[in-house]
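In: Model the structure of this input:
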Amino acid sequence: MPHCRCGPRCRSTHPNFFAPQDMPGRTSPSDRLTRQKILDSALALYAEKGIDGVPVRALTSHAGVNVAAIHYHFGSTEALAEAVFDELSARVNKRRTLAVKEITTAADSEVARPEVAAIVAAFVAPYVGESAATEGQLLAQLILKHRLSPSPMTERVIKKHFDPMAKQFVAALHDAVPEIPLSLMYLRYMLMVSTVVLFLTDRGRPNRLHRLSGTKAVTTDTKATASALVDFVVGGIRASASS
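Out: A predicted model of the protein is given here:
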């Protein structure tokens, strides 16, 4: 296998450079452990500080590695970010698609329509569940970043992991409310995504909801927040179509 002889600076861009993850069976257990430590640290820091708010020094300190380890395992910080989102999106959206499949299968067995609230709850779950502070925040940030400043990286991740999942949810919602035209259900799905993402990325301190309500409305009660989101979205999904 050819090696780059140009020095460490060009490893991530040289056409003959292969990162360890590109060579199945060629990585040691310690390599895999280090790679996972970097991924876990990046996920935690991105969720806490924002995708663009994590300097390399903070990342290496949190993971207990040096800069060379990041370049060795990922080639660049941009490639690391994509690896984080790729892994997270695959894991979370697999859970969501399995959940919606269980809902529709159960409804089919009873010759009934699937419940809209159950489908919406399955969609909202990653954003308000036990891992909401990390996984939920990071997923919301990814989608918002793709909306505001799409890049080849966000485009790849969204197409690979979110588009197939979205089609499954739209199909399930249309089964639940077949009187709503399919084209309109796609629009309502996107409105659901927008509602969830905009609400969850209000990261100001205090956030706007607290400021507007004089702290009467709080989001620290996870169950209440989840219920409010689901109730609001279900109302929009089930609403009669305007003529």
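In: domain parsing for this structure?
Out: 23-74, 78-238 (automatic domain parsing).
In: Lowest mean pLDDT across the ones you listed, which one is that?
Out: Mean pLDDT is lowest for domain 23-74 out of the domains of the chain, coming in at a mean of 86.
In: what's the offset of that one from the middle of its chain?
Out: Distance of domain 23-74 from its chain centroid, counting by Cα atoms, centre = their mean, to the nearest Å, is 18 Å.
In: circling back to that earlier point, reformat the domains of the chain as a markdown table; add mean neighbour count.
Out: No exception for glycine: its C-beta is placed from N, CA and C like everyone else's. Output for these, formatted as a markdown table (neighbours: other Cβ atoms under 10 Å):
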| stretch | mean neighbour count |
| --- | --- |
| domain 23-74 | 16 |
| domain 78-238 | 16 |
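In: And the spatially most central residue of the chain, how far from Val111?
Out: Geometric centre of the chain, nearest residue: Leu139, 2.6 Å, by Cα atoms, centre = their mean. Separation of Leu139 from Val111 (Cβ to Cβ, to the nearest Å): 35 Å.
In: name the helices or strands packed onto the longest helix along the chain?
Out: The longest helix of the chain (DSSP state H) is helix 77-109. Helices and strands touching helix 77-109, by 3 or more Cβ pairs under 8 Å, 6 or more residues apart in numbering; DSSP states H and E, are helix 29-49, helix 67-74, helix 116-128, helix 137-148, helix 152-157, helix 163-176.
In: what about these, which gets the closest to Val84?
Out: Ranking the helices and strands packed on helix 77-109 by proximity to Val84 (Cβ to Cβ) places helix 29-49 first, at 4.8 Å.
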